[in-house]
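Colleague: Whatever this is, show me its structure:
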Amino acid sequence: MAYSSRRDAPELPDFSLLKRLAKDQLIYLLEQLPGKKDLFIDADLMSPLDRIASVTTLKQHEVDKLYKVENKPIVSTCDQLCFLIRPRIQTVRWVADIVNADKAAGRFRRYKIIFSPQKFYACETILEEQGVYGDVSTDEWAFYLLPLDDDIISLELPEFFRDNFLEGDQRWVMTAGSTLHLLHSLYGPFSKVYGIGRCAKMTYESWRELVEEGEQRARKSDIGNVFLIDRDVDFVTPLCSQVVYEGLVDDIFRIKCGSVEFGPDVTSSDKSVKVMLNSQDKVFNEIRNEHFSNVFSFLSQKARNLQTAYDKRKGMDIKQMKTFVAEELKGLKQEHRLLSLHIGASESMMKKKTKQDFQELLKTEHSLLEGFEIRECIAYIEEHINRQVSMIDSLRLLCLLSLTENGLLPKDYRSLKAQYLQSYGIEHLLTFANLRQLGLLVEQQPGETLTVMESKVGKLVNDKTAGKLTDAFSSLAKKSNFRALSKRLVLVPKSGEEYDLRVPRDMAYIFSGAYIPLSCRLIEQVLERDGWTGLEEVTRMLNGNEFAVTAGSNGAETKVKTDAQRIILVMFLGGCSYSEISALRFLGKERGYKFIVVTTAIINSARMLEAMLDNHV
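Modeller: Sure thing, here's the model as predicted:
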């Protein structure tokens, strides 16, 4: 299909409104407790709060001191205490303990709990059980969405992944539905909604209920189509090593709420520097989606261009120099500072990856994705475990082996599990149980039994009246079907072909030309076909729950692609990686689309697997 005739992609909506709404609501809630007050903030709300309201703003609304919630006795002497917390039972118990300790000491204070993004019935039950329900006022800070960049919005709910997919706790589904409703209210109506996955279906239904309950207002549409996708539809992609610049920075330095802290090894000084990573950083914006192998040549060219810009000063008269200082010098200095930081970060990453024998690791991953030399891959994983290179990396390779091979042979599973437990500790038995339950690391069942099970599931999937039974059978036969999906969707390009990473031809460039992310390929195929027609076999292998609904405009309108209809909102339920975001940006450029990524959290392999560890709190 040729795209030469396409127009430039449309402008994205302005999401700064989301920040203003969140800030205004927070100020309103703080003012409900008039007078001087101390504010206790949950640790994982501190970074998002910093992006919404500065300390100065909080001080202007009579917040005296700020404390981090640490689940230990408090030192505050203020007569009014405000708690900005996640709706977690453990934290609510801690607040109740503070109130009861004050009561026992005969001290009178006013207490307010602000739950974010919403409060749950269980939290109020705890307050009642602890005998403090009448002493504490509660409210909700409906802070659903944090814009991290022009095209990335995060719910900042990393617990969504474990709670929903491992624990089966669906309490965040309503939050996801409310998120969609907020976007629909501000930027809708949507033309079409596509989705795949059980959680995606529930989120869609939750959103539709809110739309039907609410007041319908006719307004211009800023976002055309919406795609909802569950993380468990594609576990392989976030488990692959990231090699685009932004993904590597996240893997090594950990990007938190859109900013990163570069240590002395990057800054070449004794200080650490916190840097915002978004499209406002001109240097970062040009390299964020680049394969790491292209970054150094770009940075060196950028340095030469900067030097040329500085050299313009020579031979200037006083008037020209004055104009140069007023208009250009400040920008050049800022660009120079950012350039030196990104060069330092690239050098630091290069050293770390060379030390870890990164090329050998990538070669093993690519062999697993292609299905070649599996015995050599297993030998490499065994060596990795026995040398105790990295606990998380060893687990990642085991999961990648299991997913790409549709489970491990019983003897391999037992052997690798025993070696892992001997190397990293017997306490990881529960980690293995978690991974097995999620389908990330499983043992192959005897072939005949599984084939019978698969045929039963296949029949049930096609029987629309047996939806509930389908879910039950799907969970029993939790297979990744990666090989079949890879063949059907052409996820692995032919290995014999040369792949020029400087001029990428498809989304596979984000993994050095070895693999096109399944999640992004699905989105591409559904948009191309305007639905799931022709993908029935693919959806069957992914356990179904796919849907395509015309939500807003009439059929005549959808035939002509308006600007709004070329803006596609993709919502990842359970998190997405920076590699997937880079792949969608590439797809958008190719097809004349603009993608907005809404995610419950930004994840990578480390964050995903840490959520599975037995000591996860």
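
Colleague: got a list of what residue 270 touches?
Modeller: Contacts for residue 270 were tallied using C-beta atoms under 8 Å, 6 or more residues apart in numbering; they are residue 264. Using the backbone N, CA and C atoms, a C-beta is placed for each residue, glycine as well.

Colleague: and stretch 482-496, which residues are buried?
Modeller: Across stretch 482-496, burial judged by 16 or more other C-beta atoms under 10 Å covers 482, 485-486, 489, 491-493.

Colleague: contacting residues around it?
Modeller: By C-beta under 8 Å, 6+ apart, stretch 482-496 touches 236, 369-372, 403-406, 499, 506, 508, 513-518, 521-522, 525, 537-538, 541-542.

Colleague: Export it to CSV, keeping only CA atoms.
Modeller: Output of stretch 482-496 as CSV, limited to C-alpha atoms (Å, rounded to 0.1, in the frame of the first residue of the first chain):
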residue,chain,number,x,y,z
PHE,A,482,3.5,-17.2,19.9
ARG,A,483,4.9,-19.2,17.0
ALA,A,484,1.5,-19.5,15.3
LEU,A,485,0.8,-15.8,15.9
SER,A,486,4.3,-14.8,14.6
LYS,A,487,3.8,-16.7,11.4
ARG,A,488,0.2,-15.4,10.9
LEU,A,489,1.1,-11.8,11.5
VAL,A,490,4.7,-11.9,10.1
LEU,A,491,6.2,-10.6,13.4
VAL,A,492,9.7,-11.9,12.6
PRO,A,493,11.2,-10.6,9.4
LYS,A,494,13.2,-13.1,7.3
SER,A,495,16.6,-13.4,9.0
GLY,A,496,18.6,-13.6,5.7
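
Colleague: I'd say residue 214 and residue 181 touch.
Modeller: Yes - judged on C-beta atoms under 8 Å, residue 214 makes contact with residue 181 at a distance of 7.5 Å.

Colleague: So residue 303 belongs to a strand, correct?
Modeller: No - with DSSP: H, G, I helix; E, B strand; the rest coil as the criterion, residue 303 is assigned helix and is not in a strand.

Colleague: residue boundaries of the helices in the stretch 51-200 of the chain?
Modeller: When secondary structure is read from DSSP state H, counting those that start in this stretch, the stretch 51-200 of the chain shows helices at 55-60, 89-104, 121-129, 159-161, 173-187, 198-213.

Colleague: can you pull the buried residues of the fifth one?
Modeller: Applying a neighbour-count criterion of 16+ other C-beta under 10 Å, the buried positions in helix 173-187 are 173-184, 186-187.

Colleague: Give me the distance from the longest helix along the chain to the chain's centre.
Modeller: Looking across the chain with DSSP state H, the single longest helix is helix 330-355. Helix 330-355 sits 25 Å away from the centroid of its parent chain (C-alpha atoms, centre = their mean, to the nearest Å).

Colleague: Just name whatever secondary elements it is in contact with.
Modeller: With contacts taken as 3 or more C-beta pairs under 8 Å, 6 or more residues apart in numbering; DSSP states H and E, helix 330-355 sits against helix 245-253, strand 259-262, helix 264-267, strand 273-276, helix 282-287, helix 292-311.

Colleague: can you put the ones you listed in JSON lines and add mean pLDDT?
Modeller: Putting the helices and strands packed on helix 330-355 into JSON lines (pLDDT from 0 to 100) gives the following:
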{"stretch": "helix 245-253", "mean pLDDT": "95"}
{"stretch": "strand 259-262", "mean pLDDT": "94"}
{"stretch": "helix 264-267", "mean pLDDT": "89"}
{"stretch": "strand 273-276", "mean pLDDT": "92"}
{"stretch": "helix 282-287", "mean pLDDT": "92"}
{"stretch": "helix 292-311", "mean pLDDT": "81"}
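
Colleague: Out of those, which one sits most buried?
Modeller: helix 245-253 (a mean of 22; mean count of other C-beta atoms under 10 Å).

Colleague: ok, residues contacting stretch 420-432?
Modeller: Stretch 420-432 is contacted by residues 385-386, 388, 391, 394-395, 398, 417, 441, 612-615 when judged by C-beta under 8 Å, 6+ apart.

Colleague: Farthest-apart pair in the residues you listed, please.
Modeller: Maximum pairwise distance in these, criterion C-beta to C-beta, is 22.6 Å, between 386 and 615.

Colleague: the more surrounded of these two?
Modeller: For residue 386 and residue 615, the more surrounded residue by other C-beta atoms under 10 Å is residue 386, and the numbers stand at 13 against 9.

Colleague: Could you measure from residue 24 over to residue 55?
Modeller: Look at residue 24 and residue 55: by C-beta to C-beta, to the nearest Å, they are 18 Å apart.

Colleague: For the spatially closest residue to residue 64 that is not a sequence neighbour, give its distance to residue 547.
Modeller: Sequence neighbours aside, residue 36 is the residue nearest to residue 64 in space, at 4.9 Å (criterion: C-beta to C-beta, 6 or more residues apart in numbering). As defined by C-beta to C-beta, residue 36 lies at a distance of 52 Å from residue 547.

Colleague: And for residue 374?
Modeller: The spacing between residue 374 and residue 547, counted by C-beta to C-beta, is 36 Å.

Colleague: now the strands for the chain?
Modeller: 37-41, 63-68, 80-85, 110-115, 136-140, 146-149, 152-154, 192-196, 225-230, 259-262, 273-276, 546-550, 567-573, 594-599 (DSSP state E).

Colleague: If anything else comes up later, I'll come back, but that's it for now.
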